[in-house]
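Visitor: got a predicted structure plus its sequence, pasted below:
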Amino acid sequence: MGGLSGVWFVLVGGPGEHLVLESLGRRLSALWTRRQGAEAFLQAHPGLGMEVMALEDWPLKEAFLLALRRLGVEGVLVDYAPGAHRAEMASLDDLLKEVQGA
């Protein structure tokens with residue numbers, strides 16, 4: 001997955017609370033490669049009560065992905081923009097393999 005070696009920006013709420021979306025019967029989450037993208041998503045959905053968190057190293061990224069796995073997430077939308085009809089989606093398993101091999 002090119003472009004995912006840098007900092008990831010994710011949305012978090014309370015302890016263990018991550019953004020999970022349901023689409024076509026699949027559980028998905030999201031990450032952004034630029035803080036501005038995550039903040040734009042929050043502005044479009046102010047009722048979420050979440051904040052942007054930067055994941056700068058591989059152990060934090062792995063912990064994030066493992067938490068998503070426990071929540072039943074199958075895929076991660078990368079750089080999703082509010083109102084967009086399409087977004088790049090990465091398999092959670094593929095991301096875990098990449099992070100664990102880093």
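Guide: That came through fine.
Visitor: which residue is the nearest non-sequential neighbour of Gly49?
Guide: In space, and not counting its chain neighbours, Gly49 is closest to Gly13: 5.9 Å by CB to CB, 6 or more residues apart in numbering. No exception for glycine: its C-beta is placed from N, CA and C like everyone else's.
Visitor: measure that neighbour to Leu42 for me?
Guide: In this view, Gly13 and Leu42 are 11 Å apart by CB to CB, to the nearest Å.
Visitor: what's the overlap in contacts for these two?
Guide: Shared contacts of Gly13 and Leu42 (CB atoms under 8 Å, 6 or more residues apart in numbering): Leu48, Met50, Glu51.
Visitor: direction included, what does the helix or strand of the chain with the lowest mean pLDDT pair up with?
Guide: Ranked by mean pLDDT, DSSP states H and E, the weakest helix or strand in the chain is strand 21-23, scoring a mean of 86. Strand 21-23 pairs in its sheet with strand 26-31 (antiparallel), by DSSP bridges.
Visitor: outside of the partner strand, which residues touch it?
Guide: The contact list for strand 26-31, computed with CB under 8 Å, 6+ apart, reads 8-11, 18-22, 41, 55, 64, 68, 71-80, 87, 89.
Visitor: let's see 6 Å
Guide: Surrounding strand 26-31, the residues in contact under the criterion CB atoms under 6 Å, 6 or more residues apart in numbering are 8, 10, 19-21, 68, 72-77, 80.
Visitor: pLDDT on that strand, on average?
Guide: Strand 26-31 shows a mean pLDDT of 94.
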